[in-house]
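Participant: How does the following fold in three dimensions:
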Amino acid sequence: MELCNTLIANGLECVKASNMDTPASERKRFSDSTETGIEVEGTDLPDLAEITESLGQAMIKWSNELHLMGNTLIEREAIYRDPATGALFKRPLNLADSGKNLYQNNLDAAKYFGPCFKILSDFHVNITLPPSSGERLSTVQLRQGEN
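Facilitator: Numbers count the residues shown, from 1 in each chain. Modelled structure (predicted):
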């Protein structure tokens with residue numbers, strides 16, 4: 001779960017950098033979950049729910065940047081933000097100029113969010129037990145090893 005926290009935090013930094021037209025080299029990076037501000041204590045269902053909620057909120061934020069990136073690729077025009085006013089404007093697509101920040105940061109976000117989805121997809125939640133049973137989560141690998 002701690003790895004997911006770190007991946008989500010780094011992915012959100014990519015989204016923020018994309019939104020602010022910041023070069024990838026200037027992004028803040030997190031190396032462990034103590035720096036992220038997201039705290040998950042264990043592997044109980046509420047902990048998984050917290051990670052899932054954080055990831056869902058990150059996907060909503062990222063979707064806006066992906067939409068913008070998709071439109072620039074379809075229209076072959078780059079959309080730029082005026083640093084002073086925040087206004088958007090278009091000009092012909094040239095990845096060698098500042099428009100590359102939108103693309104690089106969004107592709108980097110995918111590199112962080114992708115592994116987080118993989119980690120979450122490995123969890124097994126036994127939905128046949130009542131919530132009061134206190135059952136902890138297990139991963140698919142652990143469950144397969146027990147058989």
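
Participant: can you pull out the helices in this protein?
Facilitator: 2-20, 45-75, 100-121, 140-146 (DSSP state H).

Participant: Pick the most buried one from these.
Facilitator: Greatest average neighbour count among the helices of the chain goes to helix 2-20 (a mean of 21), per mean count of other Cβ atoms under 10 Å. In short, each C-beta sits where N, CA and C put it, glycine included.

Participant: average pLDDT across that one?
Facilitator: Mean pLDDT, helix 2-20: 91.

Participant: tell me the angle it makes with helix 100-121.
Facilitator: Interaxial angle of helix 2-20 relative to helix 100-121 (axes from the mean of the first three to the mean of the last three Cα atoms, to 10 degrees): 160 degrees.

Participant: now helix 2-20 and helix 45-75, what's the angle there?
Facilitator: Going by the same axes, to 10 degrees, helix 2-20 makes 30 degrees with helix 45-75.

Participant: hang on, the earlier thing: please name whichever of the helices of the chain is nearest to Leu88.
Facilitator: helix 45-75 (8.4 Å; Cβ to Cβ).

Participant: returning to what we had before: turn the helices of the chain into CSV, including distance to Asp82.
Facilitator: Putting the helices of the chain into CSV (distance: least, Cβ to Cβ, whole Å) gives the following:
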stretch, distance to Asp82
helix 2-20, 12
helix 45-75, 15
helix 100-121, 14
helix 140-146, 48
